[in-house]
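*Asks:* Sequence below, structure please.
(chains A, B, C and D)
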There are 4 protein chains.
Amino acid sequence: MSHNTFGHLFRVTTWGESHGPALGCVVDGCPPGIPLEEDDIQVWMDKRKPGQNKYTTQRREPDQVRILSGVFPREEDGVQVTTGTPISLMIENTDQRSKDYGDIKSKFRPGHADYAYYAKYGIRDYRGGGRQSARETAARVAAGAIARKILTAILGDGVEIRGALVQMGPHKLTLPRADWDWSILEDNPFWCPDAATADMWAEYLDGIRKAGSSCGAAIEVQARGLPAGLGAPIYGKVDAELAQALMSINAVKAVEIGDGMDVAALTGEENADEMRMENGKPVFTANHAGGVQGGISTGQDIIARFAVKPTSSILTPRDTVDLDGQDTSVITKGRHDPCVGIRAVPVGEAMMACVLADQLLRHRAQTGRVAGLDLGR
Amino acid sequence: MSHNTFGHLFRVTTWGESHGPALGCVVDGCPPGIPLEEDDIQVWMDKRKPGQNKYTTQRREPDQVRILSGVFPREEDGVQVTTGTPISLMIENTDQRSKDYGDIKSKFRPGHADYAYYAKYGIRDYRGGGRQSARETAARVAAGAIARKILTAILGDGVEIRGALVQMGPHKLTLPRADWDWSILEDNPFWCPDAATADMWAEYLDGIRKAGSSCGAAIEVQARGLPAGLGAPIYGKVDAELAQALMSINAVKAVEIGDGMDVAALTGEENADEMRMENGKPVFTANHAGGVQGGISTGQDIIARFAVKPTSSILTPRDTVDLDGQDTSVITKGRHDPCVGIRAVPVGEAMMACVLADQLLRHRAQTGRVAGLDLGR
Amino acid sequence: MSHNTFGHLFRVTTWGESHGPALGCVVDGCPPGIPLEEDDIQVWMDKRKPGQNKYTTQRREPDQVRILSGVFPREEDGVQVTTGTPISLMIENTDQRSKDYGDIKSKFRPGHADYAYYAKYGIRDYRGGGRQSARETAARVAAGAIARKILTAILGDGVEIRGALVQMGPHKLTLPRADWDWSILEDNPFWCPDAATADMWAEYLDGIRKAGSSCGAAIEVQARGLPAGLGAPIYGKVDAELAQALMSINAVKAVEIGDGMDVAALTGEENADEMRMENGKPVFTANHAGGVQGGISTGQDIIARFAVKPTSSILTPRDTVDLDGQDTSVITKGRHDPCVGIRAVPVGEAMMACVLADQLLRHRAQTGRVAGLDLGR
Amino acid sequence: MSHNTFGHLFRVTTWGESHGPALGCVVDGCPPGIPLEEDDIQVWMDKRKPGQNKYTTQRREPDQVRILSGVFPREEDGVQVTTGTPISLMIENTDQRSKDYGDIKSKFRPGHADYAYYAKYGIRDYRGGGRQSARETAARVAAGAIARKILTAILGDGVEIRGALVQMGPHKLTLPRADWDWSILEDNPFWCPDAATADMWAEYLDGIRKAGSSCGAAIEVQARGLPAGLGAPIYGKVDAELAQALMSINAVKAVEIGDGMDVAALTGEENADEMRMENGKPVFTANHAGGVQGGISTGQDIIARFAVKPTSSILTPRDTVDLDGQDTSVITKGRHDPCVGIRAVPVGEAMMACVLADQLLRHRAQTGRVAGLDLGR
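*Replies:* Predicted structure coming up:
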């Protein structure tokens, strides 16, 4: 990862500002011959796009993705496939509502990166946050759609990357993971796998929204159906790369793998994920490790969580300073999500998909295999 | 970060196994002209080295570091300085106690990376964990010593990287950060900034140790005296790189920046770190963000925490399987730390120093400055 | 350099096919605050664009570049400057003349990369060569324009990157370098610094063109006004990076620095570029080294040359095979340059500018300086 | 490639100075399970090592390589194999003859990188050239030995990397490539595939040596038995990476692929390597391209040449300046090769092997194949 590019073999470079003409990404290193239409990407874009219910910003962006390069119809059946050359994706910004940016031009909004960007660059596109804006994550979701395609093309349909909201404000989802109902995820506006919790969150978030306030959230993302063996120790460990990928998402302040921060309170006996043979294959009787040991996948579900801080734009004035070095205060009006963490669910999934696709290609490079080795020689 | 190298301009490549002839690292990209003796590195090695008290492994390693390249006496005063060429550091392994590895050869120890390494590589050096061993972190500490030198050479003596244990097993340090007594850190075996907590931990850990058990821990690392502006958004954010660097340390399962996982429970009002001018400079009235906004340092203290799982080697037998795909159980005898998290403190500091030195060089490259911009044009 | 990205800190990622909707690049790592308008880039695009005289392809492409991100008007004067975030550049393809690609779909054109791409990817966009097409170099020229801006912004107006054609087919420019007339470069269609040679080449190339044939060429590019000290030994030597950058241009088969292949025939006495002090500064009495010693610039002009093979599309049928593994032959009709090397001049300049801008930023990162050290302590 | 590391997946980091305690490299990303003993590496070290005949420096270095990590005996037969973790190789310097460096400390030797290193770093290890010394290439040869092992392990015994001297001073090897006698390569001190030429060179070089002079040389390296499809366009083209790798060798000033600089003089008809089917496989009737089209291997022999400038250390005094900015002159006494190009043969082979092993792994990553696609669907 460097500057605006991440990945080693499956590489994604994103560009664009919130209120510029467009944003997008270049996805490089994709294997050739994988069927890919704009619709394959659009379906994931639509999960993230704003304005879908009262809990997300009312900015209306169709977030229509265009493929500008890197695909071609194969001769045998005309199906459009990847060519192995860079795939350029572009999303035009359409709802760049004209407004007076007077205040934001010169005042640093607390919680936002305004001051940090100024201190670094001395210049920034302040319209909608410019490059700091979470709008950049649209490009990540587009890239993630391609990463999913790669995982499936190589490993088959058993691979699944999925995510859910597991905490909103102070309210954690307390239902044990085994009891989550993934089928209802799209039936509530929160990607919540428990209907009762979703109702409770709706009530809570209504209060937050009406108060012009905002709240934080936590998201869990899971990868299922992956082989043991993915990961490139020591500094390309799969969990270390997930940590970087998820922490790079706007407003994220923590990343956990498996039991996460709670491992501090465990004993060695509790922490050890024991193993048994089952139908000729090793299985684990627990997954405190979140599917990763020594930075390498064990074949269990890979489990990661991340915390998203509250949306920084709120209607209560906050003390701040301005470009002239004067004390002042600021209110950030505008169209904002009261809980930006909700829309981070598809973004977290996308980042996990990108990391795993990249690791899979690197694993295939070094070992010539895509699966882990079997036991019983 | 890739394979066994991390960093972009300040780059560290580590090598070596727990029970091989030696381990070490190559530190590349160091600015020229920085005074560097082996003693400058050794002082940090000694903080991490094993066998210093009853709470760390009784393996006795002098962990004596040798500089094999990259330094030369400058003509004016004979002081040995860096030349800007790669600095090769080597630490010979001396206490490779000969023993029977029979069990470990063929049984996968739960909680260890044995199975994952096998599934990936099909071969591993099982002596002391081979490359999986936390002994690798000695090389990180050596590299971190050089990173500290760079930070000080460029930014002056005001820069400080420091760490403390903040949780042992279920027992958190509850003293507010402002009241920590950093002067007593080396007076207890835990890098604990509170004497009473240290006593309590000692009692707890004695119990764990005598039971042949182990416990997890959490560590906080802080960087003080850094300018605003460090960080390379979007995918080279300073917090994202800290997350990867800290998560890459053996047994780490979570990384937090600032308020970490707790941000999920905050409101926007609570989360906003407000600003005021003080003596002509902007100051923050809180630091929920941990010194990073939008992936760029704000000039506040950079605060990161990470959780280390319990040492996997315990005296209670655990169910597992073996290379032949048979159910079995295993006990890991040997010399182990009951709380490996203690020795992770200097490792976490070293990784933070390396990330920040690298970011500082990249910031200087892009902007021509090492400091953030002042306000009041 | 990897896949479709090159550079370390100043990074360029290109994308697009010859006959797709557009092509472009993302330029990342640019210092902030550098004035940049589309016109600053367009002036260099116009040097490379096709259809300007009878010696270049009659494909008519305006090659109009659009800046999609990474710039913003600065507040003090409204001048549009770089923000330090990625600059996305797009060039729409307009002259995608519809035609029957029947032959080229299934036959491998000798001299082209058709077979190699098929063997690697199994699929390719055969329209106009797809990604193999030299049309990709338009994106390099756009990036090079920004690299020039960086060099000037940091080093001042004394920096100059310039190139000339020095051989067409068998006819070398024999005029000594010191006598070249750079002022006439744009007065002939060949970027030739000698009018008599240009006339001779015109006559030769007319013959080639009328015969439906093609010829090779050699280009020299020079960088003037750079400080001593640029280069990152051992594997980031400035000449090694120039070699890669120039060899990556379509149809290039050789790269020389300074005396190039001729150094094999020199003696040590002849090869040594001696030094004298002049006005308090070291000067060299010769430049066999082409301005680079040990991979580091010496402050002399950096001189590189590269050879471009003849355009592979010719009107004489050539033996080849097809996708079905059958012997056949092929003629490549279409609009082609009889000497594609001519249009490689601005491309070579652009690549040199990009390499040097990247090296300059890396040098500043490591040493804190942009100039070499003076003598006489 | 960056700083002192090259390669993407097969990565080599070298370190060490000419007269320091040791030099070496870390070879990372090697596939696991490949048999590797120190002798496998030593055999190539011995080809490069100094003091073997009167035409190479009389410095006597055993150049004994030690493997410090990354290998382990496999259980089934005890054969030592790679584990997939970093392989650290060390070569101790033994013949660091003590001497007075007075002159070289302060005078810049023309042709050497003394001045460039000073201008960049302000400090350098002047003993034997320090990091500038061609002694660094010993580490490349060691890494190349491992690269060869990888190529053979994946592709079989048909792969061969070999090199020969093709020009000494003004005397080119004129024998057509098809008539070279590779069996006599080790029978003469020049890696010359033609006995008569070797005799002529011997006479020429005796004169050079006795005059205290030196001469340049050109080397050709070839890779045989590789599949079509290796190369990662656009910026990871296999020829572009060869150009960088070979140009990074000390004293190299030019790199050619296939016909090299001579392509400038060809017509399109001459340049097109035509194809025919033979025994169900496509074959080329010529190889002007040197086995690479569009940056991808065609399955033909990959042919590269590079020119090495004369050894800069000669017995004739040369004008120069010193650290104080004073005019002076210098003679470089010592033990030097009159034609350093001779010992560059195994170095060039090693660099080619490293580039190709890296490309092979990347190709396998992206396509899941190690061979090119067959024709005749």
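
*Asks:* Check the secondary structure at A:S88 for me.
*Replies:* Of the three states, A:S88 takes strand according to DSSP: H, G, I helix; E, B strand; the rest coil.

*Asks:* doesn't A:S69 make contact with it?
*Replies:* Yes: contact criterion CB atoms under 8 Å: A:S88 and A:S69 qualify, at 4.5 Å. (Glycine included, C-beta is placed from N, CA and C.)

*Asks:* between those two, who's got more neighbours?
*Replies:* A:S88 (31 against 26; other CB atoms under 10 Å in any protein chain shown).

*Asks:* how close does that one sit to C:I234?
*Replies:* 35 Å (CB to CB, to the nearest Å).

*Asks:* returning to that earlier point: quick check: neighbours shared by A:S88 and A:S69?
*Replies:* C:W15, C:G16, C:A22 (CB atoms under 8 Å, 6 or more residues apart in numbering or on different chains).

*Asks:* Tell me where the model's unsure across the stretch 151-300 of chain A.
*Replies:* Low-confidence segments of the stretch 151-300 of chain A (pLDDT under 70): none present.

*Asks:* State which helix of chain A is the longest.
*Replies:* helix A:344-367 (DSSP state H).

*Asks:* right, is that helix up against chain C?
*Replies:* No: with CB under 8 Å from any CB of the partner chain as the criterion, chain C is not reached by helix A:344-367; the gap is at least 11.5 Å.

*Asks:* For that helix, C-alpha coordinates in PDB please.
*Replies:* Provided in PDB are the C-alpha atoms of helix A:344-367 (Å, rounded to 0.1, in the frame of the first residue of the first chain):
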ATOM      1  CA  ALA A 344     -19.400   1.000   5.900                       C
ATOM      2  CA  VAL A 345     -20.700  -2.500   5.800                       C
ATOM      3  CA  PRO A 346     -20.300  -3.000   2.000                       C
ATOM      4  CA  VAL A 347     -17.000  -1.100   2.100                       C
ATOM      5  CA  GLY A 348     -15.600  -3.400   4.700                       C
ATOM      6  CA  GLU A 349     -16.700  -6.400   2.700                       C
ATOM      7  CA  ALA A 350     -15.000  -4.900  -0.400                       C
ATOM      8  CA  MET A 351     -11.700  -4.300   1.400                       C
ATOM      9  CA  MET A 352     -11.700  -7.900   2.700                       C
ATOM     10  CA  ALA A 353     -12.400  -9.200  -0.700                       C
ATOM     11  CA  CYS A 354      -9.500  -7.200  -2.200                       C
ATOM     12  CA  VAL A 355      -7.100  -8.400   0.500                       C
ATOM     13  CA  LEU A 356      -8.000 -12.000   0.000                       C
ATOM     14  CA  ALA A 357      -7.900 -12.000  -3.800                       C
ATOM     15  CA  ASP A 358      -4.400 -10.500  -3.600                       C
ATOM     16  CA  GLN A 359      -3.300 -13.000  -1.000                       C
ATOM     17  CA  LEU A 360      -4.800 -15.900  -3.100                       C
ATOM     18  CA  LEU A 361      -2.800 -14.800  -6.100                       C
ATOM     19  CA  ARG A 362       0.400 -14.500  -4.100                       C
ATOM     20  CA  HIS A 363      -0.200 -17.900  -2.500                       C
ATOM     21  CA  ARG A 364      -0.600 -19.400  -6.000                       C
ATOM     22  CA  ALA A 365       2.600 -17.700  -7.100                       C
ATOM     23  CA  GLN A 366       4.700 -19.100  -4.300                       C
ATOM     24  CA  THR A 367       3.300 -22.600  -3.900                       C
END
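
*Asks:* Now do that helix against helix D:344-367, angle only.
*Replies:* Counting by axes from the mean of the first three to the mean of the last three CA atoms, to 10 degrees, helix A:344-367 lies at 140 degrees to helix D:344-367.

*Asks:* Can you pull the phi and psi angles for A:L151?
*Replies:* phi -60, psi -40 (degrees, to the nearest 10).

*Asks:* Can you tell me how far it is from C:N53?
*Replies:* Taking CB to CB as the measure, A:L151 falls 51 Å from C:N53.

*Asks:* isn't A:A202 right next to A:A195, touching?
*Replies:* No: the criterion here is CB under 8 Å, and A:A202 misses it with A:A195 at 10.6 Å.

*Asks:* what ranges do the helices span in the stretch 101-250 of chain A?
*Replies:* Along the stretch 101-250 of chain A, the segments classed as helices by DSSP state H, counting those that start in this stretch run A:102-106, A:114-121, A:137-155, A:195-210, A:238-247.

*Asks:* check whether the first one contacts chain C.
*Replies:* Yes: contact of helix A:102-106 with chain C is found when judged by CB under 8 Å from any CB, involving A:K105.

*Asks:* Pull the number of nearby residues for the nearest residue to A:E61 once chain neighbours are set aside.
*Replies:* Computed as CB to CB, 6 or more residues apart in numbering or on different chains, the closest residue to A:E61 that is not its neighbour in sequence is A:D95, at 5.2 Å. By the criterion of other CB under 10 Å, A:D95 has 13 neighbours.

*Asks:* wait, is A:D95 part of a helix?
*Replies:* No: A:D95: not assigned to a helix; according to three-state DSSP it is coil.

*Asks:* Grab the nearest non-local neighbour of the residue of chain A found nearest chain D.
*Replies:* In chain A, the residue found nearest to chain D is A:A365; the distance is 3.5 Å by CB to the nearest CB. Using CB to CB, 6+ apart and skipping residues adjacent in sequence, the residue nearest A:A365 is D:A365, 3.5 Å away.

*Asks:* Make sure that neighbour is actually in contact with D:L9.
*Replies:* Yes: assessed by CB under 8 Å, D:A365 is found in contact with D:L9 at 7.1 Å.

*Asks:* Could you check how far the nearest residue to A:D114 once chain neighbours are set aside is from C:T82?
*Replies:* Nearest non-adjacent residue to A:D114, counting by CB to CB, 6+ apart: A:F108, 4.2 Å away. Counting by CB to CB, the separation of A:F108 from C:T82 is 21 Å.

*Asks:* How far off centre is stretch A:323-339?
*Replies:* 26 Å (CA atoms, centre = their mean, to the nearest Å).

*Asks:* Then stretch A:289-305?
*Replies:* Worked out by CA atoms, centre = their mean, stretch A:289-305 lies 18 Å from the chain centre.

*Asks:* what about that stretch and chain D, touching?
*Replies:* No: applying CB under 8 Å from any CB, one finds stretch A:289-305 separated from chain D by no less than 10.7 Å.
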